[in-house]
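# With the sequence up front, the predicted model follows.
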Amino acid sequence: MPGALIVHHHARHKTYPGEVTGFVFFACLIASVGGCIFGYDIGLTAGLTSTEAFMVQFFPSIYDEMKKQVIVNEYCKFDSQLLTLFCSSLFLSATVAAFLAGPMGRSFGRKWTMFAASSAYVVGACLGGVAVNFPMLLTGRILVGAGVGLCIHASPLYISEMAPAQQRGMLNILFQFMCTVGILTANMTNYVASKVDGEWGWRIGVAFGAVPAAVIMLGSLLIPDTPISLLARGEVETARATLAQIRGLSDVREEFEDLTTACEDGKAVAHPWRELFFGGKYKPQLTFCIFIPFFQQLTGINVIMFYAPVLFKTVGFKQNATLVSSVITGLVNVFSTFVATLTADKVGRRALFLQGGTQMIISQILVGTFIGLQFGMSGTGAISEQYAMCIVLFVCVYVAGFAWSWGPMGWLIPSEIYPLGVRSAAQSVTVAVNMFFTAFIGQIFLTLLCHLRFGLFYFFGAWVLLMTLFIAMLLPETKNVPIEEMAHVWRKHWFWRKFVIDNSDARGAEMRKRIALEMS
């Protein structure tokens, strides 16, 4: 039946034996550091381009223009498309790298993709830290972007494939938690760098990103690849031994049988890209692998993290107070993500999406209203201390809502819904869409702020309303569902079930029989 997702008859939503062992937690922790290097670059960018020594050395003409410009209102700040494009170059590089990560993951596995990613990042960060001219700086940034693109492709998949179904949400959210730690670290680094005279401040900040990347590079040598990735590459015995090790059990026959069946189904997909986009069988997954990262960027979160110093300076804070306020939002981001870590496997993904989305909508409306009341359409005038504190408060409320909804769920949902046959290709699409729109929104933010004024927050609030309705209507609950059983959730959904049909599981039954004979 064209345009349908085939679902086999076997046990629904199985609970396999085994708990989170210390070893699997360590492996997932190493993989989650990939989020740290991503977050670090998001937070570092804003501070880097506001550092005088950096601007004088690499963008002297733009710096001169900045000093000469007369600010006519609080909405239209200095905007250099060239400078913004330099900031976006990392994410454009990551977009390209995301499409390379799929073939790398299929050929060499998640583990070695993370190793290659962290190696590229270390080289790029060190090169950027010692750069003496613009070509060196740009080369370093492109390498860092390649490392980010490869890492955020492989890391969430690695965690989802290693984690037991009942704790997959908690462990996968470690990735987003580390992302928030990276942003906070960058904010603190920017603050320290602002106290350092000369060029050493920004150089230390750029090079420091090599530290978490080195943790991934060395840590990836100590952890195994995922059982399903090993199976896909024909390493059956290694996969069986790895599954037993990470589950802390000697008998993993039932889970291994289902993994093997899923692997055989995956091997039947000869052309994953063609099947994903044109095969018709993966419409639910394709919809979410495009719209989840697209919507994640239209929450406006990276705009706030990118340009937090600019935003807080706009509403009346001085330079040091601006950086301190950015650190405060970073702390809120970290602790709120921890809430998602504790609740994702209990209350479910949908509940966090819906509650967080509602909180973000209210916060954005209030922030836009407060700014509008003080600056109006003209953007002139001063903002009172009370209004400034209210704006910071509701920005923090907004960040908290994002941190336990679209932040972690935006990475968790895509990593757990794809069938093995198209998993690497679909994750490439997810990462590429995310990185492209990160660059795009960053490129146009200051222009949007100048033209939409305080209405920019209403603009993002309207998008959050739309995406919250999208989740409410179309996303099925995926908590506690094993990855290899995920196809069944689409069959039960009021909308997606029209794309799903049942089929006898003859191949799966035959595979189970063969494995049982081998293990007996």
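Great, that's in hand. Nothing here was measured: the structure is a model prediction, and the numbers come from that model. Residues are numbered from 1 along each chain as shown.

# so where do the strands sit in this structure?
For the chain, the strands defined by DSSP state E occupy 5-8, 500-503.

# weakest of those strands by average pLDDT?
Among the strands of the chain, strand 5-8 carries the lowest mean pLDDT, a mean of 45.

# give the contact list for Leu127.
Leu127 is in contact with 136, 139-140, 143, counting by CB atoms under 8 Å, 6 or more residues apart in numbering. The way it works is simple: take the backbone N, C-alpha and C, and place the C-beta from them, glycine included.

# could you dump those to TSV with pLDDT?
Converted to TSV, those look like this (pLDDT from 0 to 100):
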residue	pLDDT
Met136	96
Thr139	96
Gly140	96
Leu143	97
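
# Just give me the closest of those to Ala425.
Minimum distance to Ala425 across those is 24.2 Å, recorded for Leu143 (CB to CB).

# For Cys126, see how far away the closest one is.
Distance, Leu143 to Cys126, using CB to CB, to the nearest Å: 9 Å.

# before we move on, what about Ala97?
Here the criterion is CB to CB. By it, Ala97 lies 18 Å from Cys126.

# Would you mind measuring from Ala270 to Gly279?
Ala270 is 11 Å from Gly279, by CB to CB.

# So between the two, which is more surrounded?
Gly279 (19 against 8; other CB atoms under 10 Å).

# how about the helices in the stretch 401-520 of the chain?
With DSSP state H, counting those that start in this stretch as the criterion, the stretch 401-520 of the chain has helices at 406-417, 420-452, 455-474, 487-492, 506-519.

# Looking at these, which is nearest to Ala388?
Ranking these by proximity to Ala388 (CB to CB) places helix 455-474 first, at 15.3 Å.

# you'd agree Leu137 is up against Gly129?
No: in this structure, Leu137 is not within contact of Gly129 by CB atoms under 8 Å, at 9.7 Å.

# Between these two, which is the more surrounded one?
Using other CB under 10 Å as the criterion, Leu137 and Gly129 rank with Leu137 on top: 21 against 18.

# which residues touch the more buried one?
For Leu137, the contact set (CB under 8 Å, 6+ apart) comprises 58, 128, 131.

# what sits against the last one?
Translated: Ala131. With contact taken as CB under 8 Å, 6+ apart, Ala131 is in contact with 58, 137, 140.

# Would you format the residues you listed as CSV with distance to Leu420 included?
Formatted as CSV, the contacts of Ala131 follow (distance: CB to CB, whole Å):
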residue, distance to Leu420
Phe58, 45
Leu137, 40
Gly140, 36
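
# and which of the residues you listed is nearest to Lys67?
Distance ranking of the contacts of Ala131 against Lys67, using CB to CB, places Phe58 first at 15.7 Å.

# ok and the longest helix along the chain relative to helix 420-452, angle-wise?
Ranked by number of residues, the top helix in the chain under DSSP state H is helix 81-129. Angle, helix 81-129 to helix 420-452, by axes from the mean of the first three to the mean of the last three CA atoms, to 10 degrees: 130 degrees.

# start the count at 468, not 1, going forward
In the new count, where the first residue is 468, that last one comes out as helix 548-596.

# circling back: please say which of Ala564 and Cys593 ends up with more neighbours.
More neighbours surround Ala564 than the other of Ala564 and Cys593, with 28 against 18 (other CB under 10 Å).

# quick one: the residue nearest to that one when sequence neighbours are not counted from Ile768, how far?
Distances taken as CB to CB, 6 or more residues apart in numbering put Gly616 closest to Ala564, at 3.0 Å, once the chain neighbours are dropped. Separation of Gly616 from Ile768 (CB to CB): 19 Å.

# more crowded one of the two?
Comparing Gly616 with Ile768 by other CB under 10 Å, the one with more neighbours is Gly616, at 30 against 24.

# wait, what's in contact with the more buried one?
By CB under 8 Å, 6+ apart, Gly616 lies in contact with 560-565, 567-568, 584, 898-899, 902.

# where in the stretch 768-917 of the chain is pLDDT low?
Residues of the stretch 768-917 of the chain meeting the criterion pLDDT under 70: 769-791, 848-849.

# How about the contacts made by the residue nearest the centre of the chain?
For the chain, Trp878 is the residue whose C-alpha lies nearest the centre (CA atoms, centre = their mean; 5.0 Å). If a contact means CB under 8 Å, 6+ apart, then Trp878 has 502, 619, 623, 639, 642-643 as its contacts.

# now it: how far from Pro760?
Distance from Trp878 to Pro760, by CB to CB: 9 Å.

# and what of Asn901?
Between Asn901 and Pro760 the computed distance is 4 Å (CB to CB).

# Now Val806: closest residue in space that isn't a chain neighbour?
Trp871 (4.7 Å).

# I'd say that neighbour and Thr804 touch.
Yes: counting by CB under 8 Å, Trp871 does reach Thr804; the two are 6.6 Å apart.

# ok now stretch 890-909, how far from the chain's centre?
Computed by CA atoms, centre = their mean, to the nearest Å, the chain-centroid distance of stretch 890-909 equals 9 Å.

# list the buried ones in it?
By neighbour count on 16 or more other CB atoms under 10 Å, the buried set for stretch 890-909 is 890-906, 908-909.

# then stretch 728-740 to CSV, C-alphas only?
C-alpha atoms of stretch 728-740 as CSV (Å, rounded to 0.1, in the frame of the first residue of the first chain):
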residue,chain,number,x,y,z
THR,A,728,14.7,-7.7,13.6
ALA,A,729,14.8,-3.9,13.5
CYS,A,730,18.3,-4.1,11.9
GLU,A,731,17.1,-6.5,9.2
ASP,A,732,14.2,-4.2,8.5
GLY,A,733,16.7,-1.4,8.2
LYS,A,734,18.9,-3.2,5.8
ALA,A,735,15.9,-3.7,3.5
VAL,A,736,16.0,0.1,2.9
ALA,A,737,18.6,0.3,0.2
HIS,A,738,18.3,4.1,-0.5
PRO,A,739,17.4,5.8,2.8
TRP,A,740,17.3,9.4,1.4
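
# Quick check: mean pLDDT of that stretch?
Mean per-residue pLDDT for stretch 728-740: 84.

# Might you list the low-confidence residue ranges for the stretch 618-767 of the chain?
Along the stretch 618-767 of the chain, no part satisfies pLDDT under 70.
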